[in-house]
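> Can you look at this prediction? I've put the sequence above it.
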Amino acid sequence: METHMEKPGTVIKLYDQNTGAWKIVRKDKGPQKSLEIIENALRKLGLSKNEIKIYIHLARTGERKASEISEALSLHRTETYRILRDLEKRGLVSSVFEKPLKFIATPFEKALEILIETRKLKIQLLEKKKKTLVDLWGALPKQRLKVERKEVFQILEGEEQISLKASEILENTEKEVIVFASDDDLARLYHSGFLDKLERVAKKRLKVRLLTNYSPKSCFFIEKTKLTNVKYSVVGVDELPCFIVSDGEQLLLLIRNNGGKRRIAALWTNYSAFLKTLSVLFNELWEHESPLNMPEIPITKP
């Protein structure tokens, strides 16, 4: 049987955040998916929804008058002019010295470099200001405050915020951290760098326990991180939310929609009753589920 091989230039490799896997997509069949990924990246680099729409339209269609862009994207002409000027100030759009006035987009690769460098500069400036701001805060007159523990909660949205909070929890762990996650959640935790940090915490002689479902995907990620204190659940882990508990004092509970396949937010809390409930659930499953040395599953890259 003859095997059809795609030419290297006709396919692209895309990462699917919902499944935690890489997919090979033909360029002529995946333009919409490619645009979605590009739009998400530009949004994370600081562009608004309409700024992205105008830049992409201009970059794909060539030089255009503001009125043509406004009509093509169903945007008010005044807003279109304002966005074009804002993009021009950021180096993403240029004006053509002709009558009527037209605009052209900075080539995509160059525009990406500009946005990334701008983000880096902002971070560097904030880092330089950090010490000054902390010193100013410390110099303020101290008020006598009664220190008491409050049970609070915090809703986090977006992958970046959730990842930062998870890392903060690990950094503050002194004794034990427990993680309950499906294989899909493991994939997301791995690609966010959390599992690597979990491995480093385990090497500090802190107690780390991980409970997940038994599948080729979960075996693959456990093998990649070389975690040892792991057990596999034989119950429907996908039906339960992923959660992380640190020292019995902090909880990060992932909130998902779309049938549990997509994570969009997380709840952080130190609410003791909630912490005890999930800790008891974890310990019950830990004591009654299967240990790490289950029959071997062939490990293939997900």
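It's in. In this text the structure is predicted, and so the values were computed from the model without any measurement.

> Identify the bridge partners of the residue nearest to Leu101 when sequence neighbours are not counted.
Leaving aside its sequence neighbours, Leu101 sits nearest to Ser95 (Cβ to Cβ, 6 or more residues apart in numbering; 6.1 Å). C-betas here are computed from N, CA, C, even on glycine. On the basis of DSSP bridges, Ser95 is bridged to Phe103.

> And what about the residue of the chain most remote from its centre, helix, strand or coil?
Taking Cα atoms, centre = their mean, the residue of the chain most remote from its mean C-alpha position is Lys99, at 44.9 Å. For Lys99, the secondary-structure state derived from DSSP: H, G, I helix; E, B strand; the rest coil is coil.

> residues touching it, list them.
By Cβ atoms under 8 Å, 6 or more residues apart in numbering, the contact list for Lys99 is empty.

> and if you look at the one 5 residues further on?
Ile104 makes contact with 58, 62-63, 93-94, 96 under the criterion Cβ under 8 Å, 6+ apart.

> Distance to Lys175 for those residues - can I get that in TSV?
What follows is the contacts of Ile104, written out as TSV (distance: Cβ to Cβ, whole Å):
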residue	distance to Lys175
Leu58	56
Gly62	61
Glu63	63
Val93	54
Ser94	58
Val96	64
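
> Going by neighbour count, which of those are buried?
Listed as buried from the contacts of Ile104 are 58, 93; burial here means 16 or more other Cβ atoms under 10 Å.

> got TSV for the contacts of Ile104, with distance to Leu35 and pLDDT too?
Converted to TSV, the contacts of Ile104 look like this (distance: Cβ to Cβ, whole Å; pLDDT from 0 to 100):
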residue	distance to Leu35	pLDDT
Leu58	14	93
Gly62	17	89
Glu63	21	89
Val93	19	92
Ser94	23	92
Val96	25	84
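
> ok, so of the contacts of Ile104, who is nearest Thr212?
Taking Cβ to Cβ as the measure, Thr212 lies nearest Leu58 of these, at 46.2 Å.

> That closest one is in what secondary structure piece?
helix 49-61 (DSSP states H and E).

> So what touches the helix or strand following that helix?
Following helix 49-61 in sequence order, the next helix or strand is strand 64-65 (DSSP H and E). Residues from elsewhere that reach strand 64-65 (Cβ under 8 Å, 6+ apart): 57-58, 72, 100-103.

> Just among the residues you listed, which is most surrounded?
Leu58 (24 neighbours; other Cβ atoms under 10 Å).

> any idea how far that one is from Lys231?
Distance, Leu58 to Lys231, using Cβ to Cβ, to the nearest Å: 54 Å.

> Then Glu36?
37 Å.

> Could you check which of these two has the larger neighbour count?
Lys231 (18 against 12).

> Point out where the chain drops to low pLDDT.
Where the chain drops to pLDDT under 70, the residues are 1-30, 145-147, 233-239, 257-263, 289-302.

> in it, which spans are strands?
Assigned by DSSP state E, the chain shows strands spanning 11-16, 21-26, 64-65, 93-96, 102-105, 153-157, 176-180, 207-213, 230-233, 243-246, 250-257, 262-269.

> Relative to Leu170, which of those is closest?
Ranking the strands of the chain by their distance to Leu170 (criterion: Cβ to Cβ) puts strand 176-180 first, at 6.5 Å.

> okay, now the domains of this protein?
Split into domains by automatic domain parsing, the chain comes to 8-108, 153-288.

> any idea which of the ones you listed is most buried?
Mean neighbour count (mean count of other Cβ atoms under 10 Å) peaks for domain 153-288 among these, with a mean of 17.

> Can you name every helix or strand that the longest helix seen in the chain contacts?
Looking across the chain with DSSP state H, the single longest helix is helix 108-139. Helices and strands touching helix 108-139, by 3 or more Cβ pairs under 8 Å, 6 or more residues apart in numbering; DSSP states H and E, are helix 49-61.
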